[in-house]
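S.K.: could you look at this predicted model? Sequence included:
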Amino acid sequence: MRDMAMSDHESPEQPEPRTPADESPTQTGGTATATRPRPAPPKRKVEHLPPWRVLLHNDSVNDMLYVVESIVALTPLGRQEAVKRMMEAHITGLSMLLVTHKERAELYRDQFRSKRLTVTIEPAEG
């Protein structure tokens, strides 16, 4: 029995560490698959929506600061650009705020209308 039993001072034989290269897919529980390059995605033709202008009209009712704050709040324009557009509308009667697709232009028009400001939209000619 002594031959089979280990004493406290003896250690069991440790197998040599294995590297991933030594293991086969069945030993690791995975399956072997070949890595294939992915084909390039098909190129799509992007059809752009027709552009529409969003036009701010002169406002003789609201305060200039209110108009500027409304432009900044409702559009991606910064304060300095909003002041320029407001002044242009004040002096000439009309200023183009931005160009976008029709649905968004309609949304801008409705949002400005809710703030009692006059904005119209029109197709932008190419």
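M.R.: Alright, I've got the coordinates.
S.K.: isn't residue 117 up against residue 56?
M.R.: Yes - because the distance of 7.2 Å satisfies CB atoms under 8 Å, residue 117 is recorded as touching residue 56. Every residue, glycine included, has its C-beta placed from N, CA and C.
S.K.: overlap of the contact sets of the two?
M.R.: With contacts taken as CB atoms under 8 Å, 6 or more residues apart in numbering, residue 117 and residue 56 have residue 67 as neighbours in common.
S.K.: between those two, point out the one with more neighbours.
M.R.: When neighbours are counted by other CB atoms under 10 Å, residue 56 comes out ahead of the other of residue 117 and residue 56, with 27 against 20.
S.K.: ok, now which ones touch that one?
M.R.: Under the criterion of CB under 8 Å, 6+ apart, the contact list for residue 56 reads 67, 71, 85-86, 89, 94-97, 112, 117-119.
S.K.: go on, residue 70?
M.R.: 112, 115, 117.
S.K.: most neighbours of all the contacts of residue 56, which one?
M.R.: For the contacts of residue 56, the largest neighbour count, defined by other CB under 10 Å, is 27 neighbours, found at residue 71.
S.K.: what's near enough to touch the residue lying closest to that one once chain neighbours are set aside?
M.R.: Counting by CB to CB, 6 or more residues apart in numbering, the nearest residue to residue 71 once its immediate chain neighbours are dropped is residue 82, at 3.8 Å. When contacts are counted by CB under 8 Å, 6+ apart, residue 82 is found next to 68, 71-72, 75.
S.K.: take those residues and keep only those in strands.
M.R.: Secondary structure assignment by DSSP state E places none of the contacts of residue 82 in strands.
S.K.: who wins on neighbours among these?
M.R.: Neighbour counts for these, by other CB under 10 Å, peak at residue 71, which reaches 27 neighbours.
S.K.: that one and residue 37, how far apart?
M.R.: Using CB to CB, to the nearest Å, residue 71 is found at 50 Å from residue 37.
S.K.: pull the number of nearby residues for residue 103.
M.R.: 9.
S.K.: what segments of this protein are helices?
M.R.: In order along the chain, the chain carries the following helices (DSSP state H): 25-28, 64-74, 79-92, 102-114.
S.K.: of those, give the one that comes closest to residue 52.
M.R.: Distances from residue 52 to each of those were compared using CB to CB; the shortest belongs to helix 102-114, at 3.9 Å.
S.K.: all good on my end, thank you.
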